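> Curious how this folds, go ahead:
(2 chains)
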Amino acid sequence: MTNNDDLAQNANLEPNPGEKKEMKTQTTPHSLADVASSREIKQPGTKPLGSGLEARGVHAWFGAKHALKDVTLDFAAGTVTALIGPSGCGKSTFLRTLNRMHEFIPTAALAGEVLLGGKDIYAAGTDVTKIRLRIGMVFQKPNPFPSMTIGQNVLSGIKLAQLKVSNTDDLLEECLTRAGLWEEAKDRLNEHASALSGGQQQRLCIARSLAVRPEVLLMDEPCSALDPGSTFRIEQTISELSQTMTIVIVTHNMQQAARVSDYSAFMLSDGGPGELIEVAPTTELFSRPRDKRTEDYVTGRFG
Amino acid sequence: MSTTTIKPGRPWEPTAKERSQKGLNLLIAVALSLVLLFVTGLNGKLGWVAAFFFSYVSVSFIAEYRRAGKPAAQDSLLTSISRFAIFLAIIPIVSILATVISKGWRGLHWGLFTQDMSEATVNSPIQEGGMLAAIVGTLIMVGLALLFTLPIAILTALYLTEIKGKFARPIRFLVQAMSGVPSIVAGLFILSSIVYPVTGERSGLMGALALSILMIPTVARTAEEVLLLIPNDLREAGLALGATQWRTVAMVVVPAVKSGLVTAIILGIARVIGETAPILLVSGGGDATNFNPVSGPMGSIPFYVWNAFLLGGSEESTQRTWAGLLVLLLWVLILFTIARYISSRSQKR
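Numbering: from 1, shown residues only, chains lettered A, B, ... in the order given. Alright, predicted model coming up:
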């Protein structure tokens, strides 16, 4: 739905999916598959960074409504995985089951396992706050803490989780640098976070997540409220971060998925619960989707 | 060589002509209301207010209709009615302030704040005796009541908005119902449940307890409302950083509503500072200054006013009554100013 305009062009230029591969190189230099293939694909295991995350048969409910059905999906350590699909297909719900934010909705229910470093994060006796320290999250709307300054926001995770840090100044600079905000914010650390623009606030939120050194970072449409310039900066940030951590990003923007992700997972709901239709290396998913429904979606025929 | 300097303007604001037209409308309305007063049987201030309402609303309606047509006239109708409502609402406030100040200031003297009524009666010359006992009593009782109320009310609000426990609904209902409890009932409750069976003595502490009963629902409800304004995103952001729920509440949620909580406290104080009935029942009133809240009767400013009004009858006692009201008003004003100052400072930071 969101990207029909962007994609209509590609769809028109590639009327026959069978010939897509040849045509792409000749006539559509900006096709999704092309964007994706310009990235160097990370093979799982080549960079043993952070921890991998494995979802095993995850179902989710809101009250009686079955929202997510039997999703099994691996996120290898050090890779970026994009979750794509139309609105209401359960992408965000799935993302929130991965760091146990799902349970904050009063009517929520769940089945299945999510393994972090081989251990089920839903196992009895698991300290959920420790899980969320290891699996950070960036939300759709920038949500810096309004009562804190920029600097305090970055370090808020340290205080909230009562961690010990020897040199907070170094940590502050490191996190803001990694989030691509240091140059803009270094002289404004004592200003309130609300003085920043939307894009800067979102990068501040990323910096805040980084300060507690998560192994996995979940991003729920982090650029949907931002202008193209800020989106570009955040995509750069994601690429840099993926050197050291596992990233799962929900996005409505397929161009974005193609630009930033190593793997893409397509989810869909046919009115019932959302399901995982197909997961593949991003280049492959956009150029040679195995499932007809994936193909329809990535070529912009629906959604 | 002509350099035109561009001046910032406000082209959307009414021109001088439009403004004078508005002033003219008001004058016409006043004139019309006087004519109405003369023609109809209306009389007195109330009659003039009613006549002015009709003439003001209709004059501005007609003027706007001629200027810009029906939709604009309908729009101006609501504007002029709400302006009139403001006018009506301000009348009693201004009238109370003016009366209390004009009648009370003559009773003010330095001794009011340094002496008590232990050696004077309400009918003694105004220079004798003062309100020390009343002021000390009010400060101690309201202060103690605030001390009891704050943790209970804020934690109740946090239970309703953050924990959202199984009992949230009935508790919310109870808190709302409690805010309608008449103050005399709160007084009788403390009297029958603590004063008679336990302490056997009226004291400032008992007064503070009765005031807390009145204060808790006001503060809890207001605090709940401001807490509900905090977007859930902020709570989730805190939790997603690996914080426990209470850590998130203490570091993220409460600081974000600090000024709202100050407002809740102000409203709570405003609710009880003028209470007379429960004080009379459980703290006994009292003419001598008493700094000990657990023993002996304790007066309060409203009690002082009530006492002077009821036991008096002389010119001195009437003057005492007005002076007492003025002091009460001043205290409320001082407390509100302090609270506003604190909350605006915490917002700036």
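
> Quick check: phi and psi at A:Ala225.
phi -100, psi 10 (degrees, to the nearest 10).

> count of neighbours near it?
16 (other CB atoms under 10 Å in any protein chain shown). For the C-beta atoms, the positions are set from N, CA and C on the backbone; glycine is no exception.

> Surely it touches A:Gln201?
No. Counting by CB atoms under 8 Å, A:Ala225 sits too far from A:Gln201 to count as a contact (9.5 Å).

> list residues touching both of the two?
Jointly contacting A:Ala225 and A:Gln201 under the rule CB atoms under 8 Å, 6 or more residues apart in numbering or on different chains are A:Pro142.

> any idea which helix or strand of chain A has the worst average confidence?
Ranked by mean pLDDT, DSSP states H and E, the weakest helix or strand in chain A is helix A:20-27, scoring a mean of 39.

> quick one: the residue in the stretch 151-300 of chain A that chain B sits nearest to and A:Glu184, what's the gap?
Scanning the stretch 151-300 of chain A for the residue nearest chain B gives A:Leu160, at 3.5 Å (criterion: CB to the nearest CB). Plainly put, A:Leu160 is 24 Å away from A:Glu184 if you go by CB to CB, to the nearest Å.

> Give me the more crowded residue out of those two.
Shown here are A:Leu160 and A:Glu184; by other CB under 10 Å, A:Leu160 has more neighbours (26 against 17).

> Does the more buried one touch B:Ala240 like I think?
No. In terms of CB under 8 Å, A:Leu160 does not count as a neighbour of B:Ala240; the distance is 9.9 Å.

> Next up, phi/psi of B:Leu147, please.
Torsion angles, degrees, to the nearest 10, at B:Leu147: phi -60, psi -40.

> B:Leu24 - how many residues pack around it?
12.

> oh sorry, the question was meant for B:Asp75
12.

> where exactly do the helices run in the stretch 151-300 of chain B?
B:168-178, B:183-190, B:204-228, B:232-240, B:245-248, B:254-256, B:258-272, B:277-278 (DSSP state H, counting those that start in this stretch).

> try the stretch 1-150 of chain B
Under DSSP H, counting those that start in this stretch, the stretch 1-150 of chain B gives helices at B:16-39, B:44-68, B:70-104, B:132-158.

> Give me the most central residue, the chain.
Unless you meant another one, I'm taking chain A. A:Ile249 (1.1 Å; CA atoms, centre = their mean).

> you looked at the wrong chain, it should be chain B
B:Ala270 (4.9 Å).

> Surely that one and B:Val332 touch.
Yes. Using CB under 8 Å, B:Ala270 makes contact with B:Val332 at a distance of 6.7 Å.

> Report the contact partners of the one residue in the stretch 1-150 of chain B that gets nearest to chain A.
Nearest to chain A in the stretch 1-150 of chain B, going by CB to the nearest CB, is B:Leu150, at a distance of 19.4 Å. By CB under 8 Å, 6+ apart, the contact list for B:Leu150 reads B:Val219, B:Ile265.

> ok, now how distant is it from B:Ala223?
Distance from B:Leu150 to B:Ala223, by CB to CB: 10 Å.

> Any regions of chain B where pLDDT drops low?
Scanning chain B for pLDDT under 70 picks out B:1-3, B:345-349.

> Where does the record place the domain boundaries for it?
B:17-106, B:132-348 (automatic domain parsing).

> For the closest residue to B:Gly312 other than its chain neighbours, the count of nearby residues, please.
Once flanking residues are discounted, B:Gly312 sits nearest to B:Val122: 4.5 Å by CB to CB, 6 or more residues apart in numbering or on different chains. Applying other CB under 10 Å, we find 22 residues neighbouring B:Val122.

> near chain A, which residues of chain B?
Contact residues, chain B versus chain A (CB under 8 Å from any CB of the partner chain): B:164, B:231, B:233-234, B:236-244, B:247-248, B:251-252, B:255-256, B:258.

> can we see that at 6 Å?
Residues of chain B found near chain A (CB under 6 Å from any CB of the partner chain) are B:233-234, B:237-238, B:240-244, B:247, B:251-252, B:255-256.

> top of these by neighbour count?
B:Ala240 (30 neighbours).

> Which residue is the nearest non-sequential neighbour of it?
That would be A:Met137: by CB to CB, 6+ apart, it lies 4.0 Å from B:Ala240.

> tell me the SS of that neighbour?
strand (DSSP: H, G, I helix; E, B strand; the rest coil).

> what number of residues lie near it?
Neighbour tally, A:Met137, other CB under 10 Å: 25.
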